[in-house]
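Student: Take this sequence and fold it.
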Amino acid sequence: MKEPSRTGAAAAIVSGGIMVSRLFGIVRQSLIAKYLGTTGVADAFQAAFKITNTIQNLFGEGALSTSFIPVYSKLVETGDEKEAGRVAGAVGAVLGLVVAVLVLICVAATPWLIPLIAKGFEPHRRELTILYTRILFPGAGIFVISAWCLGIQNSHRKFLLPYLAPVLWNVAMIVTLLWAGPRQGTRDLAVTLAWASVLGAALQFAIQVPSTLRLVPGLRLTLGVGSSHVRTVMRNFGPAFLARGVVQFSSYIDNWLASYLPEGMVASFGYASSIIYLPVSLFGMAIAAAELPEMSRAVGNETEIATYLRGSLTRGLRRIAYFVIPSAAAFLAFGDLLAKLLFQRGKYSAADSYYAWGILAGASVGLLATTMGRLYSSTYYALHDTKTPLRFAIVRVILTTVLGYLFALWLPPRLGIDAHWGAAGLTASAGIAGWIEFALLRGRLNRRIGVTGIPFTLVASLWSSAALGVAAGWGMRTLTVGQNNYVGPLLVLGTFGVVYLGMTAVLGIPEAKTLAARIRRRK
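Tutor: Numbering: from 1, shown residues only. Modelled structure (predicted):
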């Protein structure tokens, strides 16, 4: 049995690709905030964006990757290129057919779907949401096929291109905003932007096709599902799809509850989410994406596989904690500065930045649990167990729904709190549910492969370093009062980051040494 492969470089490549893509995404969201603000049109556009994103997440990187990569990676590892090509072709053909039919159905059924998803919208916002959703749906279908390319390339340890490709999607929308933003009203601009999203999705897919075809010589798209490996993918896809469906249902519940909040809060939730998903994507998604193909290659007896998986999981959890804990601290302490730095211009006001702070502070509650939970789920998928994450995801959704209603809609008026702050209750309730799901995932896996997790001393050291960074950041904040939207926040956040990195290095945390060595090599 081999030792766990070092996936730090792969995770760094994935994280780098995601970072570039997310930075362009932040620019995109900043421009949307500038030209659409927190108006009713912005609410409708963000709701439509989230609805179509559901298809992408259901069929794409979530369900497809977790069912396809473990099977395909093992075939690649054993050198069975012919069978690997047969599996890739069959999965691609079936996926393309299913998604095409589903997109057509969704476009036709949009008028009936929107009232279920954005029930709290008045007729004007509901009609706009229908319009934007119908335009965006084809792009969502293209994103799903792009995830098939990603699965193939990740299985061959090719990580950079599939995670950089979304830059093209963001660029298409950024160029559109820069050109049309000053020329069009908010309603027409949102229509133009929706079409730009579809074009960007096509570009994202097109740039991945040549390299994908080179990795699978003689690829033939066929609906033949006679191979036992193809049937395994299909069998695993069902529970994985349901698990993603449960997660997306949770997102639907958030959107449904947010539609009952004051106008503009759906848009505010969308803008803040682009910040929240940054550490989740950079560290949770990147590390899970790098580890899944390697964990799927585990061979040997039950004890050897368990040892291999524990090593991979522990290494990944330590890296996640090192980067996500300071992210959560920054959301809690400096959320308003993040929103001010990224969005506060044009139609996006200072008041909007404070509401975003509440959303980010709420998200800090469960940020670590949610991110580590991704890696635990990947470990189950590497064991071809897609049912256990599904059961625990259902528990999380039930909790998120109940707690979300209580914290966002029921509690604020009874405490005399401004209804706008109900959005913070949504993210906080999701965080509480995320910790419970994480505990269930970890507990069941510990009984299966042995004790997993990271030492309490490491967690305490990281939180202590983050707390000192926050104190230093607040000190800098008092010195930069009155600075413009860029200089002040950058100095505060920079101080926080430098102190955190310095303290973790002083404490001798290995991840700090690794990061410092990587920075020195690049210099």
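
Student: Low-confidence ranges, the stretch 101-250 of the chain, go.
Tutor: Scanning the stretch 101-250 of the chain for pLDDT under 70 picks out the ranges 116-117, 218, 224-226, 239-249.

Student: and after the helix or strand Ala339 falls within, which helix or strand comes next?
Tutor: In the assignment (DSSP states H and E), Ala339 maps to helix 302-343. Remark: after helix 302-343, the chain's next helix or strand is helix 350-364, criterion DSSP H and E.

Student: ok so, going back, just the angle for the helix holding Ala339 relative to helix 350-364, thanks.
Tutor: Between helix 302-343 and helix 350-364, the angle comes out at 170 degrees (axes from the mean of the first three to the mean of the last three CA atoms, to 10 degrees).

Student: now helix 302-343: how far from the chain's centre is it?
Tutor: Distance of helix 302-343 from its chain centroid, counting by CA atoms, centre = their mean, to the nearest Å, is 13 Å.

Student: what's the answer for stretch 372-382, then?
Tutor: 14 Å.

Student: what sits against Pro279?
Tutor: Phe323, Val324, Ser327, Ala328, Leu367, Thr371 (CB atoms under 8 Å, 6 or more residues apart in numbering). The C-beta positions use only the backbone N, C-alpha and C, and glycine is treated the same way.

Student: Return the member of these nearest to Ala267.
Tutor: Nearest to Ala267 out of the contacts of Pro279 is Leu367 (CB to CB; 21.8 Å).

Student: Let me see the contact set for the closest one.
Tutor: Applying CB under 8 Å, 6+ apart, the residues near Leu367 are Ile276, Pro279, Val280, Val324, Ser327, Ala328, Phe331, Gly431.

Student: Chain neighbours aside, what residue packs nearest to the third one?
Tutor: Yep, that's Val280 we're talking about. The shortest distance from Val280 to any non-neighbouring residue, by CB to CB, 6 or more residues apart in numbering, is to Thr371 (5.3 Å).

Student: Thr495 too?
Tutor: Residue nearest to Thr495 in three dimensions, not counting chain neighbours: Met476, with 4.3 Å by CB to CB, 6+ apart.

Student: Hmm, Gly497 and that neighbour touching each other?
Tutor: No. Checked against CB atoms under 8 Å, the pair Met476 and Gly497 is beyond contact range at 11.3 Å.

Student: Pull the number of nearby residues for Ser446.
Tutor: Actually, residue 446 is Asn. It isn't Ser. Asn446 has 13 neighbouring residues, counting by other CB atoms under 10 Å.

Student: quick one: what helix or strand has it in it?
Tutor: Asn446 belongs to helix 422-449, assigned by DSSP H and E.

Student: quick one: buried residues of that helix?
Tutor: Buried residues in helix 422-449, defined by neighbour count with 16 or more other CB atoms under 10 Å: 422-438, 440-442, 444-445, 448-449.

Student: elements contacting the helix or strand just after it?
Tutor: Note on helix 422-449: by DSSP H and E, the next helix or strand toward the C-terminus is helix 456-479. With contacts defined as 3 or more CB pairs under 8 Å, 6 or more residues apart in numbering; DSSP states H and E, helix 456-479 has these neighbours: helix 302-343, helix 487-506.

Student: Need the winner for burial among these.
Tutor: helix 302-343 (a mean of 21; mean count of other CB atoms under 10 Å).

Student: Just want the angle from that helix to helix 487-506.
Tutor: 150 degrees.

Student: Now do helix 302-343 and helix 422-449, the angle between them.
Tutor: Interaxial angle of helix 302-343 relative to helix 422-449 (the same axes, to 10 degrees): 160 degrees.

Student: Start the count at 4 instead of 1 going forward.
Tutor: Sounds good: first residue 4 from here, last item helix 305-346.

Student: avg pLDDT for helix 305-346?
Tutor: Confidence for helix 305-346, expressed as mean pLDDT, is 90.

Student: do the same with stretch 496-507
Tutor: pLDDT averaged over stretch 496-507 gives 94.

Student: and the end-to-end length of stretch 344-355?
Tutor: 12 Å (CA to CA, to the nearest Å).

Student: Check which residues of it are buried.
Tutor: Applying 16+ other CB under 10 Å to stretch 344-355 flags Leu344, Leu345, Phe346, Gln347, Lys350, Tyr351, Asp355 as buried.

Student: before we move on, the earlier item: save the contacts of Pro282 as CSV, and put in distance to Ser381 too.
Tutor: Output for the contacts of Pro282, formatted as CSV (distance: CB to CB, whole Å):
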residue, distance to Ser381
Phe326, 17
Val327, 16
Ser330, 20
Ala331, 21
Leu370, 18
Thr374, 12
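
Student: wait, which of the residues you listed is closest to Leu493?
Tutor: Out of these, the member with the shortest distance to Leu493 (by CB to CB) is Ser330, at 16.7 Å.

Student: got the contact list for the closest one?
Tutor: Taking CB under 8 Å, 6+ apart, we find Ser330 in contact with Leu281, Pro282, Phe286, Leu370.

Student: Could I get the average pLDDT for the helix or strand harbouring the second one?
Tutor: Element membership for Pro282, per DSSP H and E: helix 268-282. Computed over helix 268-282, the mean pLDDT rounds to 86.

Student: can you check stretch 440-453 too?
Tutor: 93.

Student: for the helices and strands packed on helix 459-482, which one sits closest to Leu224?
Tutor: Taking CB to CB, helix 305-346 is the member of the helices and strands packed on helix 459-482 nearest to Leu224, at 32.9 Å.

Student: so how many other residues sit close to Phe124?
Tutor: 22.

Student: If you could redo that for Val104, that was the one I meant.
Tutor: 11.

Student: and it, what element?
Tutor: Using DSSP H and E, Val104 maps to helix 84-120.

Student: For that helix, which helices and strands make contact with it?
Tutor: Packing partners of helix 84-120 (3+ CB pairs under 8 Å, 6+ apart): helix 43-62, helix 66-81, helix 126-158, helix 231-261.

Student: what distance separates stretch 424-431 from the middle of the whole chain?
Tutor: Worked out by CA atoms, centre = their mean, stretch 424-431 lies 19 Å from the chain centre.

Student: Could you list the residues in contact with that stretch?
Tutor: Residues outside stretch 424-431 that contact it (CB under 8 Å, 6+ apart) are 257, 260-261, 264, 268, 271-272, 275, 279, 358, 361-366, 368-369, 407, 409-412, 414-415.

Student: and Val495, what is it in contact with?
Tutor: For Val495, the contacting residues are Phe337, Leu340, Gly476, Trp477, Met479, Arg480, Thr483, by CB under 8 Å, 6+ apart.

Student: Could you single out the nearest of those residues to Phe162?
Tutor: The closest of these, once distances to Phe162 are taken by CB to CB, is Phe337, at 30.9 Å.

Student: measure Leu412 to Tyr358 for me?
Tutor: Using CB to CB, to the nearest Å, we find Leu412 at a distance of 16 Å from Tyr358.

Student: quick check: angle from the helix or strand harbouring Leu202 to helix 126-158?
Tutor: Take DSSP H and E as the rule and Leu202 turns out to sit in helix 189-209. On the basis of the same axes, to 10 degrees, helix 189-209 is oriented at 10 degrees to helix 126-158.

Student: Distance to Ile145 added to the contacts of Leu370, as CSV?
Tutor: Below are these laid out as CSV (distance: CB to CB, whole Å):
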residue, distance to Ile145
Ile279, 25
Pro282, 27
Val283, 23
Val327, 31
Ser330, 31
Ala331, 34
Phe334, 32
Gly434, 32
